[in-house]
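K.L.:
When you get a sec, could you give me coordinates for this:
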Amino acid sequence: MNYTFRDITLTEKEFFELKQCVGEFHRICRDSVFRYVEGEYLSSNDIVGNERYKISENLISFLNEVEKLNKTVE
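P.N.:
Got it, this is the predicted structure:
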């Protein structure tokens, strides 16, 4: 199974690795925005960190949608 984005085609393994990398990036961004301190999560006011966190969430949603659509097309 291949995944195609305009003129780029990824194999199933490459797509899996891409999702893993984006997921790891999302975890790092989440950890920089939310900290567990004394029994509760505190949110950072860092504009860059918050923006990266939002972007990483959008990328994960996009990749999940691509995967879902690709499986229903074949």
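K.L.:
how about the CA coordinates for the lowest-mean-pLDDT helix or strand in the chain, as PDB?
P.N.:
Within the chain, no helix or strand scores below strand 2-5, which has a mean of 72 by mean pLDDT, DSSP states H and E. Output of strand 2-5 as PDB, limited to C-alpha atoms (Å, rounded to 0.1, in the frame of the first residue of the first chain):
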ATOM      1  CA  ASN A   2       1.300   3.400  -1.000                       C
ATOM      2  CA  TYR A   3       0.300   6.900   0.200                       C
ATOM      3  CA  THR A   4       0.400   9.700  -2.300                       C
ATOM      4  CA  PHE A   5       0.500  13.400  -1.600                       C
END
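K.L.:
if I read this right, Arg30 contacts Tyr53, doesn't it?
P.N.:
Yes. Between Arg30 and Tyr53 there is a contact under Cβ atoms under 8 Å: 6.0 Å. Quick note: C-beta positions are derived from backbone N, CA and C, even for glycine.
K.L.:
Compare neighbour counts for those two and give me the winner.
P.N.:
Tyr53 (22 against 14; other Cβ atoms under 10 Å).
K.L.:
low-scoring stretches of this protein, by residue?
P.N.:
In the predicted model of the chain, residues 72-74 satisfy pLDDT under 70.
K.L.:
And the residue nearest the centre of it?
P.N.:
The structure's the chain has its C-alpha centroid closest to Ile60; by Cα atoms, centre = their mean the separation is 3.1 Å.
K.L.:
Am I right that it sits in a strand?
P.N.:
No. Membership of Ile60 in a strand is not supported by DSSP: H, G, I helix; E, B strand; the rest coil, which gives helix.
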